[in-house]
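> fold the following and give me the result.
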Amino acid sequence: MTPKQEYDCLAYDPFSGDRCDERMLSDRIVTARKPGPCIICFEIINPKERIRRQVAIVDNKLFSCRMCETCCIAMAKSWKDGGKAIEYRTSIGMKTAHET
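This next block holds a predicted model:
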């Protein structure tokens with residue numbers, strides 16, 4: 001990701017509209033150290049991939065999530081494409097969740 005894409009990604013709220021009590025503790029772009037699923041598309045994040053990592057207290061519980069580089073780029077595009085790219089990435093995750 002370019003620095004501009006990272007900035008635009010962080011400006012996008014992936015959980016906008018969720019009805020919960022939330023206090024963000026950390027929201028940043030980092031380099032993944034270990035594999036694991038993306039919370040949006042459920043694809044596997046690979047080590048050394050640039051990802052978005054959020055840590056928050058949600059409804060009085062600690063919550064941590066990671067978003068893959070492809071979803072981050074889609075979030076960055078949302079400012080120009082009306083959210084189409086991130087909606088597509090979300091649909092991948094919803095389809096994957098229904099298959100399991």
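> any idea which element residue 55 lies in?
Assessed by DSSP states H and E, residue 55 sits inside strand 50-58.
> show me which positions of the next helix or strand after that strand end up buried.
Counting by DSSP H and E, the next helix or strand C-terminal to strand 50-58 is strand 61-67. Neighbour-count burial for strand 61-67 flags 63, 65, 66, 67 (criterion: 16 or more other Cβ atoms under 10 Å). The way it works is simple: take the backbone N, C-alpha and C, and place the C-beta from them, glycine included.
> which of those sit farthest apart?
63 and 67 (13.2 Å; Cβ to Cβ).
> can I assume residue 62 is in contact with residue 55?
Yes: assessed by Cβ atoms under 8 Å, residue 62 is found in contact with residue 55 at 7.3 Å.
> between the two, what contacts are shared?
Residues touching both residue 62 and residue 55 by Cβ atoms under 8 Å, 6 or more residues apart in numbering: none at all.
> any chance you could map the helices in the protein?
Remark: helices assigned in the chain by DSSP state H are 3-11, 69-81, 84-99.
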